[in-house]
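Trainee: Model the following, please.
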Amino acid sequence: MRFVAPLRESLDPTVFRRPPLDAWSEFSDLLQAPAWPTIEQIGALRERVENAAKAIMPQFVEQTPGLLRDGLHYEKRIVECGQIATRTGNWHDLFNALVWLRHPAIKSALNARQIAEIAVVGAKRRTRAQCALTHFDEAGVIVRIEDPALLALWDTHDWHGLFWRERAAWSDGRIRLDLFGHALLEHALRPGQLLVGKALAIAPCADLPARLARAIRAGDALNDPQELRPLPLSDIPGWHEGNAEETFYATAPCFRARRAGRSYPLPFGAGESRNAPACAGSSGPS
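Mentor: The predicted model follows:
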């Protein structure tokens with residue numbers, strides 16, 4: 001069933017004070033004002049990002065019938081015209097813009113890889129890499145793991161262990177996440193859903209956003225959807241009212257056993273010391 005976001009005027013404002021949307025409070029003016037932000041308002045923030053990063057970022061432009069008459073693929077318009085087609089009055093595209101503002105290098109890297117794959121197979125076919133790139137773009141979560149024991153629980157889908165027995169890990173810094181996928185942010189507008197992210201596990205690593213962007217652009221990451229681990233976000237302590245009870249972890253339908261033969265790659269940056277200047281497998285700015 002296609003997700004329908006709530007109308008702006010009927011939205012419960014408390015959703016912005018709960019995870020995961022509370023982590024985007026720097027954009028509260030765009031998210032919580034009575035009226036939808038204009039392309040110009042979003043563009044003003046883009047200029048700040050450009051000045052801070054000292055790098056050119058694509059412009060947000062209103063998606064109109066006139067704009068689409070050029071027949072360009074969405075991804076090609078970004079690289080060839082420097083334009084991110086953005087629907088006004090649309091939660092999905094607003095969250096996409098916010099992720100661009102927070103992680104411009106990673107978003108640019110995803111775009112560059114999509115263009116490279118389109119050049120190989122054409123606009124009407126999709127490679128395994130394109131599926132991985134899209135899954136991460138729409139539902140991605142960047143998860144930094146300080147405690148290897150937590151990764152072992154995750155790899156075996158020991159959800160009770162990861163979310164209940166190690167409940168404290170989600171607040172003491174042993175595991176931290178940054179929700180990247182703009183579709184997940186849109187879904188979070190309706191509390192109570194059992195959201196599941198497509199997570200990229202990250203080992204302790206210096207200058208993470210830039211190095212991850214370089215790895216994606218170089219084809220050293222996100223080549224197959226199987227690189228991404230499922231992460232039931234609603235099971236993180238405090239993210240869903242039901243998970244205050246242990247029984248939630250035995251009954252919620254978002255928990256799935258690991259499929260026979262399913263395995264996961266090492267976390268991005270595994271094998272490097274936390275003070276190393278680069279992450280393993282990485283080869284530009286966030």
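Trainee: Could I get the phi/psi values of residue 143?
Mentor: phi -120, psi 120 (degrees, to the nearest 10).
Trainee: Just give the number of residues close to it.
Mentor: Residue neighbour count, defined by other C-beta atoms under 10 Å, stands at 22 for residue 143. Where you see a C-beta, it was placed from the backbone N, CA and C, and this is true even at glycine.
Trainee: List the residues that contact residue 5.
Mentor: 91-92, 186, 189-190 (C-beta atoms under 8 Å, 6 or more residues apart in numbering).
Trainee: Could you look up the SS state of it?
Mentor: coil (DSSP: H, G, I helix; E, B strand; the rest coil).
Trainee: Can I get stretch 193-212 as CSV, trimmed to CA atoms?
Mentor: Extracted in CSV, the C-alpha atoms of stretch 193-212 (Å, rounded to 0.1, in the frame of the first residue of the first chain):
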residue,chain,number,x,y,z
GLN,A,193,4.6,2.5,12.5
LEU,A,194,7.1,-0.3,12.7
LEU,A,195,9.8,1.2,10.6
VAL,A,196,12.8,-0.9,9.3
GLY,A,197,15.8,0.8,7.9
LYS,A,198,18.5,-0.4,5.4
ALA,A,199,21.6,0.1,7.5
LEU,A,200,25.2,0.5,6.6
ALA,A,201,27.3,-0.6,9.5
ILE,A,202,30.4,1.6,10.1
ALA,A,203,33.5,0.9,12.2
PRO,A,204,35.1,3.7,14.2
CYS,A,205,36.6,5.9,11.6
ALA,A,206,37.9,9.5,11.3
ASP,A,207,36.3,11.9,8.8
LEU,A,208,33.5,9.5,8.1
PRO,A,209,31.1,11.4,5.8
ALA,A,210,33.8,12.4,3.4
ARG,A,211,35.4,9.0,3.3
LEU,A,212,32.0,7.2,2.9
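Trainee: ok, of the contacts of residue 5, which come out buried?
Mentor: 91-92, 186, 189 (16 or more other C-beta atoms under 10 Å).
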